[in-house]
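Chemist: Sequence isn't available, so here's the structure alone:
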């Protein structure tokens, strides 16, 4: 008859989704149900987070295995302390409570793929003498909140593509597409607006696909995987017509989040908008999409302007421990693309615009409501944040068509600063572009070239006739 009836592990949820993130506290309990008194060496519970990658590749008669492992944290708490002698536990149900603090820092979200996984779990272990350890595990759903430049992900996206038709059709086609933002949560809908000008003799069908791209890395090798999450097909567009297509692609509620902070697994998403044309390369536009926790997108954030424009248009709160510098509240908005882009997490600020007291601005507007923000934190229309190179390659579909993502349009409330007046030089002085080269003096030991070299000695110089005697006069043959 077994002495241990059951060993169970439960934990308390922090939210309705049952997710945990960096810095959260996990509380729970371990329940031990005994049918009779037993001697226990120890009882402990562990919390850990690991990432693993593994795949095989055949090359002729040989099979190569690629694997990698990363551990993010491991915490251990003894419920029954380890002792030199066994601890007797009476018959009945015994409940032990525990608590863990997930360490802060950047850690990837939970993920399971065909060649790798990122798993966070709790594990309770009961150890007894001369017995196999009894173990129970419980996975926890970890959602990372480490997304630098979060508010820049809320900015508007726009792109366009053009294609000249080939042998089987004449004319050309143009498509402009827009997305309201870049970041979405599972269960949300991606709204797409595409303006299509079919100036060709072919029929074409607009299509929309949400695609997941996964890259596994191990031992200097990579394994790529692409999955179509959702696909929509719109109505056919006839030749020589224009059409505005509005579509909505829903992200599945349980879709795995974007992973950008793991060196052995990366998970990216992009939305492909393209035109299906028979016997021709399909012109397409690819929009990067980031799937993250709904808690990061829920409601207006402190310090973000409310209005018809996304939160990224004015930026958001900074993660820096340093206070922001004084900023100008004058009529000049911050200069585009100012500041440093070297480190995405570093705090840098734009220099205030110079003032011209003797020149009245020609296009002075009302002062902005919010002070200028650092360039790397601003994701609005007037100052797009530079994005890293897309892992999917170039958005150009073929040599006969071109596709490009446009930067967000300029916000209508901002006014471009007037050009600085040209500084005219004084009439009495010449305007030199470069400063005059400095004068270099010769070494003191070298005599000056304009001085008498022979006069450098205290003795009187010898007579010229002694140094250069005149030649003897020649005899003339004339008679």
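Modeler: That came through, no problem. Every value quoted in this text rests on a predicted model; they were computed, and no experiment measured them.
Chemist: Next up, phi/psi of residue 153, please.
Modeler: Backbone torsions of residue 153, given as degrees, to the nearest 10, read phi -70, psi -10.
Chemist: Look up how far residue 293 lies from the closest residue to it other than its chain neighbours.
Modeler: Residue nearest to residue 153 in three dimensions, not counting chain neighbours: residue 183, with 3.7 Å by Cβ to Cβ, 6 or more residues apart in numbering. (Each C-beta comes from the backbone N, C-alpha and C, glycine too.) Distance of residue 183 to residue 293, computed by Cβ to Cβ, to the nearest Å: 10 Å.
Chemist: out of the two, which sits in the more crowded spot?
Modeler: More neighbours surround residue 183 than the other of residue 183 and residue 293, with 22 against 19 (other Cβ atoms under 10 Å).
Chemist: was I right about the more buried one contacting residue 290?
Modeler: Yes. With contacts counted by Cβ atoms under 8 Å, residue 183 reaches residue 290, the gap being 4.6 Å.
Chemist: okay, and the common contacts of these two?
Modeler: 147, 153 (Cβ atoms under 8 Å, 6 or more residues apart in numbering).
Chemist: distance of residue 242 from residue 233?
Modeler: 20 Å.
Chemist: Give the burial count for residue 135, as a bare number.
Modeler: By other Cβ under 10 Å, the residues close to residue 135 number 13.
Chemist: what about residue 217, which helix or strand?
Modeler: Under DSSP states H and E, the secondary-structure element containing residue 217 is strand 204-218.
Chemist: Check which helices and strands that strand is in contact with.
Modeler: Applying 3 or more Cβ pairs under 8 Å, 6 or more residues apart in numbering; DSSP states H and E, one finds that strand 204-218 contacts strand 42-59, strand 62-80, strand 189-200, strand 221-233, strand 241-250, strand 265-277.
Chemist: residues of it that come out buried?
Modeler: Applying a neighbour-count criterion of 16 or more other Cβ atoms under 10 Å, one finds 204, 206-218 buried in strand 204-218.
Chemist: Output these as CSV; include the columns distance to residue 90.
Modeler: Formatted as CSV, the buried residues of strand 204-218 follow (distance: Cβ to Cβ, whole Å):
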residue, distance to residue 90
204, 77
206, 71
207, 68
208, 64
209, 62
210, 57
211, 59
212, 53
213, 56
214, 51
215, 54
216, 50
217, 52
218, 50
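Chemist: Residue 44: which of these is nearest?
Modeler: Closest approach to residue 44 among these (Cβ to Cβ): residue 218, at 31.6 Å.
Chemist: Pull the contacting residues for that closest one.
Modeler: 53-55, 66-68, 264.
Chemist: pLDDT weak spots in the stretch 1-150 of the chain?
Modeler: Applying pLDDT under 70 to the stretch 1-150 of the chain flags residues 1, 84.
Chemist: cutoff 50 now
Modeler: Low-confidence segments of the stretch 1-150 of the chain, defined by pLDDT under 50: none present.
Chemist: next one: the stretch 201-350 of the chain
Modeler: Filtered on pLDDT under 50, the stretch 201-350 of the chain yields the residue ranges 299-350.
Chemist: Let's see that with 70 instead.
Modeler: Applying pLDDT under 70 to the stretch 201-350 of the chain picks out residues 298-350.
Chemist: The helices and strands packed on strand 204-218 into CSV, with extra columns for distance to residue 143?
Modeler: Formatted as CSV, the helices and strands packed on strand 204-218 follow (distance: least, Cβ to Cβ, whole Å):
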stretch, distance to residue 143
strand 42-59, 12
strand 62-80, 14
strand 189-200, 20
strand 221-233, 18
strand 241-250, 20
strand 265-277, 13
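Chemist: Now distance to residue 90 and mean neighbour count too, for these, in JSON lines please.
Modeler: Output for the helices and strands packed on strand 204-218, formatted as JSON lines (distance: least, Cβ to Cβ, whole Å; neighbours: other Cβ atoms under 10 Å):
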{"stretch": "strand 42-59", "distance to residue 90": "14", "mean neighbour count": "17"}
{"stretch": "strand 62-80", "distance to residue 90": "13", "mean neighbour count": "14"}
{"stretch": "strand 189-200", "distance to residue 90": "57", "mean neighbour count": "18"}
{"stretch": "strand 221-233", "distance to residue 90": "53", "mean neighbour count": "13"}
{"stretch": "strand 241-250", "distance to residue 90": "55", "mean neighbour count": "14"}
{"stretch": "strand 265-277", "distance to residue 90": "47", "mean neighbour count": "21"}
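Chemist: Between the ones you listed, which one is closest to residue 141.
Modeler: Judged by Cβ to Cβ, the one of the helices and strands packed on strand 204-218 that comes nearest to residue 141 is strand 42-59, at 11.8 Å.
Chemist: Can you give me the domain assignment for the protein?
Modeler: Domain assignment for the chain, taken from automatic domain parsing, gives 4-142, 150-299+374-406.
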